[in-house]
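**Q** Fold the following, please.
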Amino acid sequence: QVQLVESGGGLVQPGGSLKLSCAASGSIFSIYVMGWYRQAPGTQRELVARITSDGTTKFADSVKGRFTISRDNAKNTVYLEMNNLKPEDTAAYYCNAEVSVTTLPTLRFNYWGQGTQVTVSS
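**A** From the prediction side, this is the model:
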């Protein structure tokens with residue numbers, strides 16, 4: 001009922017920047033939290049950053065001061081701007097959203113995007 005489509009990943013040199021985007025579409029009644037998680041091979045998926053509908057943000061300690069998260073509620077889109085990228089930022093990045101749908105507006109569901117690869121290497 002809800003689809004999340006990510007874009008913006010790629011290969012970047014250490015110290016470089018990338019901006020990820022994630023657009024939600026479908027039978028959306030409301031989107032409460034949107035966020036980004038990442039998973040490197042052999043590791044667990046971890047929170048990178050998230051933002052609530054009123055703009056409250058939370059970041060992983062490892063990305064504080066380097067990454068910025070924002071959202072456009074009118075476009076149901078969340079962005080992750082990543083600066084001063086490091087090799088340890090290399091991972092598949094997944095968009096996540098906590099959503100209520102038009103057919104069940106009182107319940108919240110968790111949706112994931114398909115992931116976009118970010119590789120930081122010289």
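**Q** Nearest the middle, which residue of the chain would you pick?
**A** Nearest to the geometric centre of the chain sits W36, at 2.6 Å (Cα atoms, centre = their mean).
**Q** Just the pLDDT for that one.
**A** What the model reports for W36 is a pLDDT of 98.
**Q** mind listing what the host helix or strand of it pairs with, with the direction of each?
**A** Assigning secondary structure by DSSP states H and E places W36 in strand 28-39. Using DSSP bridges, the strands paired with strand 28-39 are strand 46-52 (antiparallel), strand 91-101 (antiparallel).
**Q** now the ones you listed in CSV, with distance to Q13 and mean pLDDT?
**A** For glycine as for every other residue, the C-beta is placed from the backbone atoms N, C-alpha and C. Putting these into CSV (distance: least, Cβ to Cβ, whole Å; pLDDT from 0 to 100) gives the following:
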stretch, distance to Q13, mean pLDDT
strand 46-52, 20, 98
strand 91-101, 16, 97
